[in-house]
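> have a look at this prediction, sequence included:
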Amino acid sequence: MNGAQLCARFAYKPYRLGRCGSSGKKDILLECIKSNTCKTFRESLNKYKTFYSYLKLISEKHSLGILHPKVVEAYWIGNDLLKVFRRNDFHKWVEIYTELYDIKGSVSHLRNCFSKTSLPFIPHHAFQVFFSWKLTQDEGVDSLERVNNCLIRSGEIIDFSKKKISIKSWRIQQKTNSLSMIPSRETINYQTGFFQNLQRGDNLAFHWKESCLRLSNRQLDQLRYYTKLVCYNL
C-alpha cells in the first residue's frame, strides 16, 4: 500500500461526513483507496489542510516526500519519525497551519493556548484531536463523544458480517480533571474493497466508526503509545 492510499483510508470517513472540510472530496479519496487512482488526491493534497500541515512538518524535518509511507504512518498511527519532535516545534507547525488557512492573526492565540497546556508537541493525529478539544472547551463544546469518534482507535475483531464488525476496543473517559483509556465493545462499519480475508482476532484501526486498516503488532503498539502519551499529559 502506498502513502497516498494509506492517507486516504484514514481521511475518508471524516471527509465523507464533512467534518474536516468539503464532503465532496470523499470521492477522490475512495477512488484512491479502491483503485489506486491517486493522481487527483496527490494534486489536491494541500486542500486537506489540517492533516496536510502535519505531514508537511514531518516530511520537512526528515527530508522525505510528503506522502512517503513512513511520513503518513507517523501522523495517523505513529512511528520513530516522531521521536525528534519537541514542544518548540509547535511554533513551526502553527506557521504552516495558519498560512494554509489564511488565519495568521490566530498565531498568538494558538501559541497562548498551547502554552497553558502540559501537552507534548507530537505531530500525530491524537495531538490534533486533544488540542482541538482543549480549544473548543473554552468555547463550551467539550463532548468526549466527539473526541472518541475523531481519535484513531484500535480494536480486536470479535465477529463480523457484510457491513459491520464487532470489536473489543477502548475509549477515552474523563474522571474529575483527568482522562483515561477504558475497555469498550463497539460495532464499526467497513467498506467493501478495503479488506481481504478478515479474521476474528485481527486488530483494526478505525476512525469515526469506519474501519481503516488492519494493524500489525508494531502499529498497534505505536498507536496506543502515542495516544496515551498525549492523553495522559493533557
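Good, I have the coordinates.
> hey, where'd the strands end up in this structure?
Listed in chain order, the strands of the chain (DSSP state E) span 153-160, 164-175, 178-189, 203-207, 210-214.
> any idea how far the third one is from the chain center?
Strand 178-189 has its C-alpha centroid displaced from the chain centroid by 16 Å (CA atoms, centre = their mean, to the nearest Å).
> if we can go back for a sec, now render the strands of the chain as a markdown table, adding mean neighbour count and mean pLDDT.
C-beta: built from backbone N, CA, C; applies to glycine. Written out in a markdown table, the entries for the strands of the chain read as follows (neighbours: other CB atoms under 10 Å; pLDDT from 0 to 100):
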| stretch | mean neighbour count | mean pLDDT |
| --- | --- | --- |
| strand 153-160 | 19 | 95 |
| strand 164-175 | 17 | 92 |
| strand 178-189 | 14 | 92 |
| strand 203-207 | 22 | 96 |
| strand 210-214 | 22 | 94 |
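> out of the ones you listed, nearest to residue 119?
Between residue 119 and the strands of the chain, the tightest spacing by CB to CB is seen for strand 178-189, at 11.9 Å.
> let's have the strands of the chain in JSON lines, adding distance to residue 74.
Below are the strands of the chain laid out as JSON lines (distance: least, CB to CB, whole Å):
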{"stretch": "strand 153-160", "distance to residue 74": "16"}
{"stretch": "strand 164-175", "distance to residue 74": "21"}
{"stretch": "strand 178-189", "distance to residue 74": "21"}
{"stretch": "strand 203-207", "distance to residue 74": "14"}
{"stretch": "strand 210-214", "distance to residue 74": "14"}
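> indicate which one of the ones you listed is closest to residue 146.
strand 164-175 (10.5 Å).
> who's in contact with the closest one?
Outside strand 164-175, the residues within contact range by CB atoms under 8 Å, 6 or more residues apart in numbering are 144, 147-148, 151, 153-160, 179-190, 198, 204, 206, 211, 231.
> if you set the cut-off to 7 Å instead, what comes out?
Surrounding strand 164-175, the residues in contact under the criterion CB atoms under 7 Å, 6 or more residues apart in numbering are 144, 147-148, 153-160, 179-190, 204, 211, 231.
> centre of the chain to that strand, how far?
Strand 164-175 has its average C-alpha position 16 Å from the chain's average C-alpha position, going by CA atoms, centre = their mean.
> dump the residue contacts of residue 79.
Here residue 79 is in contact with 70, 73, 222 (CB under 7 Å, 6+ apart).
> no wait, residue 222
Remark: with contacts taken as CB under 7 Å, 6+ apart, residue 222 is in contact with 77, 78, 79.
> for the last one, phi and psi?
What that stands for is residue 79. Its backbone dihedrals place residue 79 at phi -160, psi -170, with angles given as degrees, to the nearest 10.
> same thing with the first one?
Backbone torsions of residue 77, given as degrees, to the nearest 10, read phi -120, psi -50.
> can you get me a residue count around it?
The tally of other residues near residue 77 (other CB atoms under 10 Å) stands at 26.
> how close does it get to residue 99?
Look at residue 77 and residue 99: by CB to CB, to the nearest Å, they are 26 Å apart.
> thinking again about what came up before, of all the strands of the chain, which one is nearest residue 90?
Each of the strands of the chain has some distance to residue 90 by CB to CB; the shortest is strand 178-189, at 20.3 Å.
> next, the angle strand 164-175 makes with that closest one.
If you take axes from the mean of the first three to the mean of the last three CA atoms, to 10 degrees, strand 178-189 sits at 170 degrees to strand 164-175.
> which helices and strands does strand 178-189 pack with?
strand 164-175, strand 210-214, helix 217-231 (3 or more CB pairs under 7 Å, 6 or more residues apart in numbering; DSSP states H and E).
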